[in-house]
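Enquirer: coords please:
(one chain, ligands or ions: 1)
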Amino acid sequence: MRNSGENLQLTVNNLTFSYNDAGPSDAPTIIFIHGFPFNKSMWAGQVDALKDRYRLIAYDVRGHGDSDAGQEDFAIELFVNDLLSLMDALKLDRVILCGLSMGGYIALNAVLHYPKRFGALILSDTQCTADTAEAKEKRMKAIESIRENGVEKYAEESVKNLFAPESFATKEKEIAAIKSMILKTPEQVLSKTLLALSKRKETCSNLYKIKIPTLILVGEADKITPPAAARVMHEKIQHSVLSTIAHAGHLSNLEHPTEFNDQLQAFLHRCTEKSFSFQKPVWMDR
Ligand code: MLT
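Expert: Residues are numbered from 1 along each chain as shown. Prediction:
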(Lines give C-alpha, C1' and ligand atoms only; values in the text may rest on other atoms or scores of the structure.)
Protein backbone atom coordinates (compact mmCIF):
# COMPACT_ATOMS: atom_id res chain seq x y z
CA MET A 1 0.00 0.00 0.00
CA ARG A 2 1.40 3.37 -1.03
CA ASN A 3 1.40 6.26 1.43
CA SER A 4 1.03 9.71 -0.03
CA GLY A 5 1.45 13.08 1.65
CA GLU A 6 4.16 15.19 3.20
CA ASN A 7 6.88 14.38 5.72
CA LEU A 8 6.37 10.65 5.39
CA GLN A 9 8.97 8.42 6.99
CA LEU A 10 10.80 5.40 5.73
CA THR A 11 13.60 3.53 7.47
CA VAL A 12 16.38 2.17 5.28
CA ASN A 13 20.09 1.64 5.97
CA ASN A 14 19.29 2.00 9.70
CA LEU A 15 18.19 5.62 9.25
CA THR A 16 14.78 7.25 9.03
CA PHE A 17 14.34 9.28 5.87
CA SER A 18 11.71 11.96 5.39
CA TYR A 19 9.97 12.33 2.03
CA ASN A 20 6.98 13.83 0.27
CA ASP A 21 4.98 11.72 -2.16
CA ALA A 22 2.32 13.31 -4.39
CA GLY A 23 0.39 12.56 -7.60
CA PRO A 24 -1.36 9.52 -9.09
CA SER A 25 0.02 6.07 -8.21
CA ASP A 26 -0.04 4.80 -11.80
CA ALA A 27 1.76 7.80 -13.31
CA PRO A 28 5.47 7.94 -14.22
CA THR A 29 7.48 8.62 -11.07
CA ILE A 30 9.97 11.43 -10.69
CA ILE A 31 12.37 11.53 -7.74
CA PHE A 32 13.75 14.95 -6.81
CA ILE A 33 17.09 15.37 -5.03
CA HIS A 34 17.86 18.72 -3.45
CA GLY A 35 21.13 20.64 -3.39
CA PHE A 36 23.44 21.39 -0.45
CA PRO A 37 22.56 22.36 2.24
CA PHE A 38 18.86 22.49 1.47
CA ASN A 39 16.00 20.02 1.76
CA LYS A 40 13.02 18.54 -0.06
CA SER A 41 10.91 21.66 0.41
CA MET A 42 12.91 23.40 -2.32
CA TRP A 43 10.91 21.39 -4.90
CA ALA A 44 7.45 22.60 -3.79
CA GLY A 45 6.95 24.71 -6.95
CA GLN A 46 7.73 21.77 -9.24
CA VAL A 47 5.55 19.34 -7.30
CA ASP A 48 2.67 21.77 -7.50
CA ALA A 49 3.04 22.20 -11.26
CA LEU A 50 3.40 18.50 -12.08
CA LYS A 51 1.27 16.67 -9.53
CA ASP A 52 -1.71 16.03 -11.81
CA ARG A 53 0.30 14.03 -14.34
CA TYR A 54 3.22 12.51 -12.44
CA ARG A 55 3.98 10.81 -9.17
CA LEU A 56 6.50 13.04 -7.45
CA ILE A 57 8.80 12.02 -4.63
CA ALA A 58 11.09 14.54 -2.96
CA TYR A 59 13.22 13.24 -0.09
CA ASP A 60 15.71 14.69 2.36
CA VAL A 61 19.26 13.47 1.78
CA ARG A 62 20.67 11.98 5.00
CA GLY A 63 21.34 14.63 7.63
CA HIS A 64 19.35 17.28 5.75
CA GLY A 65 15.79 18.43 6.42
CA ASP A 66 14.10 15.82 8.58
CA SER A 67 16.21 12.79 7.64
CA ASP A 68 18.55 11.18 10.19
CA ALA A 69 22.28 11.82 9.80
CA GLY A 70 23.71 8.61 11.30
CA GLN A 71 27.30 8.26 12.49
CA GLU A 72 29.10 7.41 9.26
CA ASP A 73 31.17 9.84 7.24
CA PHE A 74 29.29 11.07 4.19
CA ALA A 75 30.15 10.33 0.56
CA ILE A 76 28.30 10.73 -2.74
CA GLU A 77 28.39 6.91 -3.06
CA LEU A 78 26.65 6.62 0.33
CA PHE A 79 23.95 9.07 -0.82
CA VAL A 80 23.49 6.99 -4.00
CA ASN A 81 23.11 3.86 -1.91
CA ASP A 82 20.43 5.62 0.17
CA LEU A 83 18.57 6.60 -2.99
CA LEU A 84 18.56 3.03 -4.32
CA SER A 85 17.51 1.69 -0.92
CA LEU A 86 14.61 4.15 -0.84
CA MET A 87 13.58 3.11 -4.37
CA ASP A 88 13.69 -0.56 -3.34
CA ALA A 89 11.66 0.10 -0.18
CA LEU A 90 9.08 2.01 -2.23
CA LYS A 91 9.11 -0.78 -4.85
CA LEU A 92 10.09 1.61 -7.61
CA ASP A 93 11.76 -0.30 -10.37
CA ARG A 94 12.43 2.56 -12.80
CA VAL A 95 12.05 6.29 -12.28
CA ILE A 96 12.90 9.67 -13.74
CA LEU A 97 15.57 11.39 -11.66
CA CYS A 98 15.89 15.14 -11.14
CA GLY A 99 18.76 16.58 -9.13
CA LEU A 100 19.96 20.11 -8.46
CA SER A 101 23.66 20.71 -7.83
CA MET A 102 24.63 18.15 -5.12
CA GLY A 103 21.41 16.38 -6.14
CA GLY A 104 22.85 16.32 -9.66
CA TYR A 105 26.12 14.76 -8.43
CA ILE A 106 24.05 12.04 -6.76
CA ALA A 107 21.85 11.62 -9.83
CA LEU A 108 24.81 11.33 -12.23
CA ASN A 109 26.46 8.68 -10.07
CA ALA A 110 23.19 6.79 -9.65
CA VAL A 111 22.45 6.73 -13.39
CA LEU A 112 26.00 5.65 -14.23
CA HIS A 113 26.04 2.83 -11.67
CA TYR A 114 22.45 1.62 -11.99
CA PRO A 115 21.44 2.50 -15.57
CA LYS A 116 18.50 0.07 -15.66
CA ARG A 117 16.77 1.85 -12.76
CA PHE A 118 16.34 5.20 -14.53
CA GLY A 119 14.27 6.20 -17.56
CA ALA A 120 15.18 9.86 -17.91
CA LEU A 121 17.39 12.40 -16.18
CA ILE A 122 17.09 16.08 -15.32
CA LEU A 123 20.29 17.82 -14.26
CA SER A 124 19.82 21.27 -12.85
CA ASP A 125 22.65 23.67 -12.00
CA THR A 126 25.21 20.96 -11.55
CA GLN A 127 28.49 19.76 -13.04
CA CYS A 128 30.48 16.61 -13.80
CA THR A 129 33.89 17.79 -12.61
CA ALA A 130 35.55 17.03 -9.27
CA ASP A 131 36.63 19.87 -6.99
CA THR A 132 39.81 21.68 -8.00
CA ALA A 133 42.51 22.14 -5.35
CA GLU A 134 41.23 25.67 -4.85
CA ALA A 135 37.62 24.51 -4.40
CA LYS A 136 38.75 21.87 -1.88
CA GLU A 137 40.60 24.54 0.08
CA LYS A 138 37.50 26.75 0.08
CA ARG A 139 35.47 23.86 1.54
CA MET A 140 38.05 23.34 4.31
CA LYS A 141 37.92 27.07 5.09
CA ALA A 142 34.10 26.87 5.20
CA ILE A 143 34.31 23.96 7.69
CA GLU A 144 36.68 26.01 9.83
CA SER A 145 34.49 29.11 9.62
CA ILE A 146 31.35 27.14 10.59
CA ARG A 147 33.20 25.81 13.63
CA GLU A 148 34.48 29.24 14.63
CA ASN A 149 31.65 31.58 13.63
CA GLY A 150 28.58 29.34 13.54
CA VAL A 151 25.96 28.49 10.93
CA GLU A 152 24.32 31.95 10.81
CA LYS A 153 27.40 33.57 9.25
CA TYR A 154 27.81 30.62 6.85
CA ALA A 155 24.18 31.03 5.75
CA GLU A 156 24.65 34.77 5.18
CA GLU A 157 27.77 34.22 3.07
CA SER A 158 26.29 31.29 1.10
CA VAL A 159 23.14 33.12 0.08
CA LYS A 160 25.23 35.85 -1.60
CA ASN A 161 26.49 33.33 -4.15
CA LEU A 162 23.36 31.28 -4.65
CA PHE A 163 21.08 33.82 -6.30
CA ALA A 164 21.29 35.98 -9.43
CA PRO A 165 21.90 39.68 -8.61
CA GLU A 166 18.34 40.62 -9.65
CA SER A 167 16.81 37.96 -7.39
CA PHE A 168 17.88 39.97 -4.34
CA ALA A 169 15.30 42.57 -5.34
CA THR A 170 12.54 40.18 -6.43
CA LYS A 171 12.86 36.91 -4.51
CA GLU A 172 12.82 37.91 -0.88
CA LYS A 173 10.58 35.00 0.14
CA GLU A 174 12.71 32.40 -1.65
CA ILE A 175 15.92 33.83 -0.20
CA ALA A 176 14.44 33.69 3.31
CA ALA A 177 13.30 30.08 2.71
CA ILE A 178 16.76 29.02 1.53
CA LYS A 179 18.39 30.73 4.48
CA SER A 180 16.15 28.92 6.91
CA MET A 181 16.92 25.57 5.19
CA ILE A 182 20.64 26.25 5.70
CA LEU A 183 20.08 27.26 9.33
CA LYS A 184 18.11 24.07 9.95
CA THR A 185 21.06 21.93 8.84
CA PRO A 186 23.15 20.84 11.86
CA GLU A 187 26.74 22.06 11.99
CA GLN A 188 28.10 18.53 11.89
CA VAL A 189 26.06 17.71 8.78
CA LEU A 190 27.33 20.84 7.04
CA SER A 191 30.93 19.84 7.74
CA LYS A 192 30.44 16.18 6.83
CA THR A 193 28.75 17.09 3.56
CA LEU A 194 31.37 19.71 2.65
CA LEU A 195 34.00 17.03 3.13
CA ALA A 196 32.04 14.55 0.99
CA LEU A 197 31.61 17.13 -1.77
CA SER A 198 35.34 17.90 -1.73
CA LYS A 199 36.14 14.21 -2.17
CA ARG A 200 33.65 13.51 -4.95
CA LYS A 201 34.99 11.96 -8.15
CA GLU A 202 34.51 13.42 -11.59
CA THR A 203 31.89 11.83 -13.81
CA CYS A 204 32.68 13.71 -17.06
CA SER A 205 34.72 10.85 -18.53
CA ASN A 206 31.77 8.46 -18.17
CA LEU A 207 28.95 10.64 -19.43
CA TYR A 208 29.09 9.01 -22.87
CA LYS A 209 27.56 5.94 -21.20
CA ILE A 210 24.31 7.76 -20.42
CA LYS A 211 21.78 6.65 -23.00
CA ILE A 212 18.58 7.98 -21.48
CA PRO A 213 16.90 11.27 -22.39
CA THR A 214 18.53 14.02 -20.38
CA LEU A 215 17.50 17.61 -19.77
CA ILE A 216 20.18 19.99 -18.53
CA LEU A 217 18.99 23.23 -16.98
CA VAL A 218 21.17 26.06 -15.77
CA GLY A 219 20.56 29.59 -14.51
CA GLU A 220 22.24 32.11 -16.80
CA ALA A 221 23.83 33.77 -13.75
CA ASP A 222 24.81 30.59 -11.89
CA LYS A 223 28.17 31.38 -10.29
CA ILE A 224 28.63 27.99 -8.59
CA THR A 225 27.97 25.63 -11.52
CA PRO A 226 27.97 28.07 -14.46
CA PRO A 227 26.50 27.63 -17.96
CA ALA A 228 29.95 26.55 -19.25
CA ALA A 229 29.80 23.51 -16.91
CA ALA A 230 26.35 22.67 -18.24
CA ARG A 231 27.63 22.88 -21.81
CA VAL A 232 30.39 20.36 -21.01
CA MET A 233 27.76 17.84 -19.84
CA HIS A 234 25.54 18.59 -22.83
CA GLU A 235 28.39 17.86 -25.25
CA LYS A 236 29.10 14.54 -23.56
CA ILE A 237 25.57 13.19 -23.02
CA GLN A 238 24.22 11.93 -26.30
CA HIS A 239 20.49 12.39 -25.78
CA SER A 240 20.66 15.65 -23.93
CA VAL A 241 18.97 18.99 -24.33
CA LEU A 242 20.40 22.10 -22.73
CA SER A 243 18.30 25.01 -21.62
CA THR A 244 19.56 28.19 -20.00
CA ILE A 245 17.14 29.81 -17.58
CA ALA A 246 17.06 33.60 -17.73
CA HIS A 247 16.81 35.70 -14.55
CA ALA A 248 18.27 32.88 -12.45
CA GLY A 249 21.45 32.00 -10.60
CA HIS A 250 22.26 28.65 -8.95
CA LEU A 251 18.69 28.02 -7.76
CA SER A 252 16.95 28.26 -11.11
CA ASN A 253 13.87 26.27 -10.01
CA LEU A 254 13.18 28.87 -7.30
CA GLU A 255 14.32 31.98 -9.15
CA HIS A 256 12.39 31.44 -12.36
CA PRO A 257 9.92 28.63 -11.65
CA THR A 258 7.64 29.29 -14.63
CA GLU A 259 10.46 28.91 -17.16
CA PHE A 260 11.97 26.00 -15.23
CA ASN A 261 8.62 24.20 -15.04
CA ASP A 262 7.82 24.86 -18.71
CA GLN A 263 11.12 23.29 -19.77
CA LEU A 264 10.59 20.38 -17.39
CA GLN A 265 7.04 19.76 -18.57
CA ALA A 266 7.96 19.90 -22.26
CA PHE A 267 10.79 17.44 -21.67
CA LEU A 268 8.64 15.06 -19.62
CA HIS A 269 5.90 15.21 -22.19
CA ARG A 270 8.31 14.23 -24.95
CA CYS A 271 9.73 11.38 -22.86
CA THR A 272 6.42 9.91 -21.83
CA GLU A 273 3.90 10.63 -24.57
CA LYS A 274 3.97 7.15 -26.13
CA SER A 275 4.09 5.03 -23.02
CA PHE A 276 4.54 5.25 -19.27
CA SER A 277 7.15 2.52 -19.18
CA PHE A 278 10.17 4.40 -20.58
CA GLN A 279 11.30 1.18 -22.19
CA LYS A 280 11.82 3.07 -25.40
CA PRO A 281 11.29 6.76 -24.86
CA VAL A 282 10.04 8.70 -27.87
CA TRP A 283 13.16 10.79 -27.51
CA MET A 284 15.27 7.92 -28.75
CA ASP A 285 13.46 7.98 -32.11
CA ARG A 286 14.65 11.44 -33.03
C1 MLT B 1 24.80 22.68 -4.03
O2 MLT B 1 24.00 23.60 -4.30
O3 MLT B 1 24.42 21.52 -3.90
C4 MLT B 1 26.25 23.02 -3.83
O5 MLT B 1 26.51 24.32 -4.26
C6 MLT B 1 27.13 22.03 -4.52
C7 MLT B 1 28.58 22.31 -4.35
O8 MLT B 1 28.96 23.11 -3.48
O9 MLT B 1 29.39 21.73 -5.09
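
Enquirer: In terms of helices and strands, where is the residue lying farthest from the centre of the chain?
Expert: For the chain, the residue at maximal distance from the C-alpha centroid (CA atoms, centre = their mean) is Glu148, at 29.0 Å. Assigned by DSSP states H and E, Glu148 falls within helix 133-149.

Enquirer: Let me see the mean pLDDT of that helix.
Expert: Looking at helix 133-149 alone, the average pLDDT works out to 98.

Enquirer: any idea where the helices of the stretch 151-286 of the chain begin and end?
Expert: Listed in chain order, the helices of the stretch 151-286 of the chain (DSSP state H, counting those that start in this stretch) span 151-162, 167-170, 172-184, 187-198, 227-236, 252-255, 257-272.

Enquirer: ok, now the stretch 1-150 of the chain?
Expert: Across the stretch 1-150 of the chain, reading from the start of the chain, the helices by DSSP H, counting those that start in this stretch fall at 44-50, 76-89, 102-113, 133-149.

Enquirer: Kindly compare burial across the ones you listed and name the winner.
Expert: Mean neighbour count (mean count of other CB atoms under 10 Å) peaks for helix 102-113 among these, with a mean of 24. C-betas here are computed from N, CA, C, even on glycine.

Enquirer: tell me what that helix is packed against?
Expert: In terms of contacts (3 or more CB pairs under 8 Å, 6 or more residues apart in numbering; DSSP states H and E), helix 102-113 is packed against strand 29-33, helix 76-89, strand 95-100, strand 118-124, helix 187-198.

Enquirer: Now with 7 Å, please.
Expert: Under the contact criterion of 3 or more CB pairs under 7 Å, 6 or more residues apart in numbering; DSSP states H and E, the helices and strands touching helix 102-113 comprise strand 29-33, helix 76-89, strand 95-100, strand 118-124.

Enquirer: Quick check: residues of the stretch 151-286 of the chain near the ligand?
Expert: 197, 224 (CB under 6 Å from any ligand atom).

Enquirer: where are the low-confidence patches of the stretch 151-286 of the chain?
Expert: Counting by pLDDT under 70, the low-confidence segments of the stretch 151-286 of the chain come to 274-286.

Enquirer: show me the contacts for Thr126.
Expert: Shown in contact with Thr126 (CB atoms under 7 Å, 6 or more residues apart in numbering): 99-101, 104-105, 225.

Enquirer: per-residue pLDDT, it?
Expert: Predicted confidence (pLDDT) at Thr126: the value is 99.

Enquirer: try Asn7
Expert: At Asn7 the predicted local confidence, pLDDT, stands at 98.

Enquirer: ok, it to the ligand distance?
Expert: Note on Asn7: its distance to the ligand, by CB to the nearest ligand atom, to the nearest Å, is 22 Å.

Enquirer: Then Thr16?
Expert: With distances defined as CB to the nearest ligand atom, the gap from Thr16 to the ligand amounts to 22 Å.

Enquirer: Same check on Arg147?
Expert: Applying CB to the nearest ligand atom to Arg147 and the ligand gives a distance of 18 Å.

Enquirer: hmm, back to that, mind putting the helices and strands packed on helix 102-113 in JSON lines, distance to the ligand included?
Expert: Listed next are the helices and strands packed on helix 102-113 as JSON lines, based on distance: least, CB to the nearest ligand atom, whole Å:
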{"stretch": "strand 29-33", "distance to the ligand": "10"}
{"stretch": "helix 76-89", "distance to the ligand": "10"}
{"stretch": "strand 95-100", "distance to the ligand": "7"}
{"stretch": "strand 118-124", "distance to the ligand": "10"}
